[in-house]
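Colleague: here's a sequence, model it:
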Amino acid sequence: MRDIIKENILDLIEKVTAALRDKDILALRKYSNYTIHNASVFQSQSSTAFAVIVYSLTKIVEMSSKQEERRVQQFIDSVMSDFEYCKKQLLNGNIERYKAGRNRILKKIADMDDKLDLYMQEVIEKSKVKKGSEIYGHGISMGKVAELLGLSRWDMMAYVGKTTMIDAEEKATDAKSRLLLARKIFGLGRKV
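Modeller: Residues are numbered from 1 along each chain as shown. Coordinates of the predicted model:
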């Protein structure tokens with residue numbers, strides 16, 4: 001794992017833990033989006049898996065009802081404990097144990113509640129596809145995104161095909177404008 005990714009995940013563990021403690025859904029969403037941006041830049045499976053975890057946790061906090069409040073709080077406490085374990089392993093440079101802790105969190109998300117079990121599995125899969133489409137939107141190939149998230153290309157294509165992402169047209173620029181931009185970037189003046 002690259003040092004910059006490791007530092008980013010350590011920082012986000014602190015922020016996500018605080019957001020979970022406060023049940024701050026907006027902050028959780030922000031951190032999930034921030035992490036997925038980093039995953040698209042670094043094409044890191046660790047960053048992507050972390051974003052899926054944060055997205056799934058956001059959905060759990062959002063969807064929990066008053067009756068499930070105690071159970072959800074116990075779940076959050078358990079996940080925060082796992083985050084501390086993951087943080088310790090990253091600080092010690094033990095990436096394999098970090099990944100084991102990360103996978104334990106994913107399993108807890110899926111196993112949280114019999115009633116929510118099917119929903120959570122669906123949320124995890126949908127969050128992978130949704131976050132994958134965001135990575136794809138950053139210019140990473142669909143094949144690479146599918147590989148990073150352990151998805152099939154068909155799942156990715158089905159989701160991306162339903163979005164307006166593919167239909168969005170970029171602003172067309174003529175050759176003269178592109179040449180001016182290139183000259184500006186390379187400091188060659190404005191002559192055309």
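Colleague: just to check, residue 90 is in contact with residue 5?
Modeller: No. Residue 90 is beyond contact range of residue 5, at 9.9 Å (criterion: Cβ atoms under 8 Å). Quick note: C-beta positions are derived from backbone N, CA and C, even for glycine.
Colleague: compare neighbour counts for the two and give me the winner.
Modeller: Of the pair residue 90 and residue 5, residue 90 is the one with more neighbours under other Cβ atoms under 10 Å, namely 22 against 19.
Colleague: just the C-alphas of the helix or strand hosting that one, formatted as PDB.
Modeller: Applying DSSP states H and E as the criterion places residue 90 in helix 69-91. Output of helix 69-91 as PDB, limited to C-alpha atoms (Å, rounded to 0.1, in the frame of the first residue of the first chain):
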ATOM      1  CA  GLU A  69     -31.600   2.200  17.700                       C
ATOM      2  CA  ARG A  70     -30.000   0.100  20.400                       C
ATOM      3  CA  ARG A  71     -28.900  -2.700  18.000                       C
ATOM      4  CA  VAL A  72     -27.600  -0.100  15.500                       C
ATOM      5  CA  GLN A  73     -25.600   1.600  18.300                       C
ATOM      6  CA  GLN A  74     -24.100  -1.700  19.400                       C
ATOM      7  CA  PHE A  75     -23.200  -2.400  15.700                       C
ATOM      8  CA  ILE A  76     -21.600   1.100  15.400                       C
ATOM      9  CA  ASP A  77     -19.600   0.600  18.600                       C
ATOM     10  CA  SER A  78     -18.300  -2.700  17.300                       C
ATOM     11  CA  VAL A  79     -17.400  -1.200  13.900                       C
ATOM     12  CA  MET A  80     -15.600   1.700  15.600                       C
ATOM     13  CA  SER A  81     -13.600  -0.900  17.600                       C
ATOM     14  CA  ASP A  82     -12.700  -2.600  14.300                       C
ATOM     15  CA  PHE A  83     -11.700   0.800  12.900                       C
ATOM     16  CA  GLU A  84      -9.300   1.200  15.900                       C
ATOM     17  CA  TYR A  85      -7.900  -2.200  15.100                       C
ATOM     18  CA  CYS A  86      -7.400  -1.300  11.500                       C
ATOM     19  CA  LYS A  87      -5.700   2.000  12.400                       C
ATOM     20  CA  LYS A  88      -3.300   0.200  14.800                       C
ATOM     21  CA  GLN A  89      -2.400  -2.300  12.100                       C
ATOM     22  CA  LEU A  90      -1.800   0.400   9.500                       C
ATOM     23  CA  LEU A  91       0.400   2.300  11.900                       C
END
